[in-house]
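Chemist: Sharing a model prediction with you, sequence too.
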Amino acid sequence: MELSSDLLSPRRPTRQIHVGDVAIGGGAPVSVQSMTTTKTADVEGTLAQIYALAAAGADIVRCTCNEEAAAEGLARIVPRSPVPIVADIHFHHEMALAALEAGVDGLRLNPGNLRKESEIKLVASEAKDRGVPIRIGVNAGSLHPDLYKKYGGATPEALVESAKMELAYFDEVGFSDVKISVKASSVALMIGAYRLASESFDYPLHLGVTEAGPPPAGLVKGTAGIGTLLAEGIGDTIRYSLTADPVEEARAGRQLLESLGLRERKGLDLIACPSCGRAQVDVIAVAKEAQEALENLNLPIQVAVMGCVVNGPGEARSADLGIAAGKQKGHLFIQGKIVRVVPEAEMVTALVAEAERLVAEGIEARLAAADASAEAEAEADRRALLDEKGADPNASEQRVDRIRRRVSGTEGNGAGGPTHKE
Ligand code: SF4
């Protein structure tokens with residue numbers, strides 16, 4: 001059964017802002033962000049990456065605006081981008097003004113390195129006039145030195161105070177079109193900081209574990225931090241920061257939200273059994289082949305690859321579609337019901353074809369179109385496999401027997417170790 005977001009803590013209420021046409025906070029769906037790694041001045045290269053990020057699930061993309069050529073690039077990129085563009089600003093307030101001139105949908109300011117009150121107010125005033133929101137992007141690694149000193153390091157309190165200081169400047173010019181992030185590379189620090197931010201502000205929160213590193217460790221850190229907070233109802237928009245192709249960031253963000261039931265499934269969810277003594281195929285190889293064949297089709301379904309027809313269709317009955325191996329055949333099933341049996345060599349091809357038909361025609365229609373003889377053929381294969389391998393191919397029951405005999409003292413100490421019975 002798919003996890004429902006109703007089982008998580010209720011989302012914390014926040015104000016709503018809009019980055020382009022994407023609503024953030026105020027009950028809007030949690031959005032996915034990523035950041036380009038190209039030079040922003042390279043318009044075609046950056047746009048190609050933005051399109052790839054959008055296809056992988058990014059709702060908003062951030063581009064660095066670190067020099068005039070980058071701002072000029074943004075002026076050419078923004079009108080052609082499929083998703084809203086946020087300009088990432090560090091150190092130079094003129095770059096924020098140039099990005100606004102370029103027509104960006106949002107700014108990210110780092111209060112740790114853009115510190116002059118007059119400059120911050122100037123940017124906020126112009127953003128206000130143009131109706132462009134700003135993310136106050138606090139980062140533990142570039143915390144304002146005064147705060148670092150005051151708190152003896154980057155603590156949740158220091159990170160939240162940095163955001164408060166920036167908000168106070170914004171307040172003086174009547175600007176409140178704001179979202180906030182308090183990122184850290186330490187998962188524990190980031191969780192603590194966002195919990196405190198959530199108690200302190202009603203502005204939408206942008207979640208992230210910064211500098212998480214390359215996958216898989218980077219993915220684990222990002223998921224630990226972002227997932228924990230989302231499960232607590234904290235967070236309105238997210239970004240994985242991976243040392244990898246940013247497409248992986250967008251994909252991971254989307255998958256995390258889908259797995260928590262916070263966004264509707266947009267793409268494929270491929271599940272596969274871990275394989276065991278019953279497996280009739282190399283499950284890893286078949287799952288990989290199926291993943292490669294299906295992932296670019298962007299079909300919003302869950303597909304299962306199962307090692308045997310004895311248990312596979314039942315174990316994966318919650319999947320929309322699946323394939324289970326056995327007797328050199330592939331047994332295609334829809335929600336656990338066998339609909340077709342094909343030669344093993346054709347099982348991935350048949351799975352892909354059925355996936356496309358299932359999405360086009362719907363589950364009921366495809367169940368109605370099932371081969372009449374498929375269920376009986378699968379049952380015969382199941383029985384044949386049971387006869388061949390017996391009911392306990394993993395030898396689990398033998399182990400259970402041995403455990404029981406050892407614990408009850410009816411088996412000697414032949415293995416060398418003492419029993420628990422004295
Ligand atoms: Fe896979 Fe079959 Fe083993 Fe289940 S019983 S893990 S489906 S091979």
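Modeler: Nice, thanks for sending it over. Computed from a prediction, not measured in an experiment: that's the story for all the values here. Residues are numbered from 1 along each chain as shown.
Chemist: Not counting residues beside it along the chain, what's closest to residue 177?
Modeler: residue 133 (4.2 Å; Cβ to Cβ, 6 or more residues apart in numbering). Every residue, glycine included, has its C-beta placed from N, CA and C.
Chemist: who's in contact with the one you found?
Modeler: Neighbour list for residue 133: 17, 18, 19, 106, 107, 127, 177, 178, 179 [criterion: Cβ atoms under 8 Å, 6 or more residues apart in numbering].
Chemist: domains for the chain, by residue range?
Modeler: For the chain, automatic domain parsing gives the domain ranges 5-259, 269-389.
Chemist: how many neighbours does residue 395 have?
Modeler: 12 (other Cβ atoms under 10 Å).
Chemist: May I see the buried residues of the worst-scoring helix or strand of the chain on mean pLDDT?
Modeler: Taking mean pLDDT, DSSP states H and E as the measure, the chain has helix 396-408 as its least confident helix or strand, at a mean of 81. Going by neighbour count (16 or more other Cβ atoms under 10 Å), the buried part of helix 396-408 is residue 406.
Chemist: on contacts alone, who are the packing partners of that helix?
Modeler: On a contact count with 3 or more Cβ pairs under 8 Å, 6 or more residues apart in numbering; DSSP states H and E, helix 396-408 meets no helix or strand.
Chemist: Kindly format the C-alpha coordinates of that helix as CSV.
Modeler: The C-alpha atoms that make up helix 396-408 are tabulated as CSV, following Å, rounded to 0.1, in the frame of the first residue of the first chain:
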residue,chain,number,x,y,z
SER,A,396,14.1,-21.1,6.1
GLU,A,397,12.0,-23.7,7.8
GLN,A,398,15.0,-26.0,8.3
ARG,A,399,16.7,-23.1,10.1
VAL,A,400,13.6,-22.5,12.2
ASP,A,401,13.6,-26.2,13.1
ARG,A,402,17.3,-26.1,14.1
ILE,A,403,16.8,-22.9,16.2
ARG,A,404,13.9,-24.5,18.0
ARG,A,405,15.9,-27.7,18.7
ARG,A,406,18.9,-25.8,19.8
VAL,A,407,16.9,-23.5,22.2
SER,A,408,15.0,-26.5,23.6
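Chemist: quick one: it near the ligand?
Modeler: No: using Cβ under 6 Å from any ligand atom, helix 396-408 stays clear of the ligand, coming no nearer than 10.7 Å.
Chemist: one step back: sitting in helices, which of the contacts of residue 133 do you find?
Modeler: Using DSSP state H, the members of the contacts of residue 133 that fall within helices are residue 127.
Chemist: I'd like the contacts of residue 133 as TSV, with distance to residue 9, pLDDT and neighbour count appended.
Modeler: Converted to TSV, those look like this (distance: Cβ to Cβ, whole Å; pLDDT from 0 to 100; neighbours: other Cβ atoms under 10 Å):
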residue	distance to residue 9	pLDDT	neighbour count
17	22	98	23
18	25	98	18
19	25	98	28
106	27	98	26
107	31	98	27
127	32	98	25
177	27	98	19
178	24	98	21
179	20	98	24
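Chemist: Closest to residue 400 out of the contacts of residue 133?
Modeler: Set against residue 400, the nearest of the contacts of residue 133 by Cβ to Cβ is residue 179 (54.7 Å).
Chemist: what's across from that closest one in the sheet?
Modeler: For residue 179, the beta-bridge partners are residue 135 (DSSP bridges).
Chemist: show me the contacts for it.
Modeler: Residue 179 neighbours (Cβ under 8 Å, 6+ apart): 17, 24-25, 133-136, 203-206, 236-237.
Chemist: One more pass at 10 Å, please.
Modeler: By Cβ atoms under 10 Å, 6 or more residues apart in numbering, the contact set of residue 179 is 14-15, 17, 19, 24-25, 106, 108, 133-137, 201, 203-206, 236-237.
Chemist: again, but for residue 13
Modeler: Taking Cβ under 10 Å, 6+ apart, one finds 25, 26, 27, 202, 233 in contact with residue 13.
Chemist: most neighbours, which of those residues?
Modeler: residue 25 (24 neighbours).
Chemist: residue in the stretch 101-250 of the chain nearest to the ligand?
Modeler: Closest to the ligand within the stretch 101-250 of the chain is residue 216: 22.8 Å, counting by Cβ to the nearest ligand atom.
Chemist: residues near that residue, how many?
Modeler: Using other Cβ under 10 Å, residue 216 is surrounded by 9 other residues.
Chemist: For it, what are phi and psi?
Modeler: phi -80, psi -20 (degrees, to the nearest 10).
Chemist: what do you get for the one 10 residues further on?
Modeler: Backbone dihedrals for residue 226, given as degrees, to the nearest 10, come out at phi -70, psi -40.
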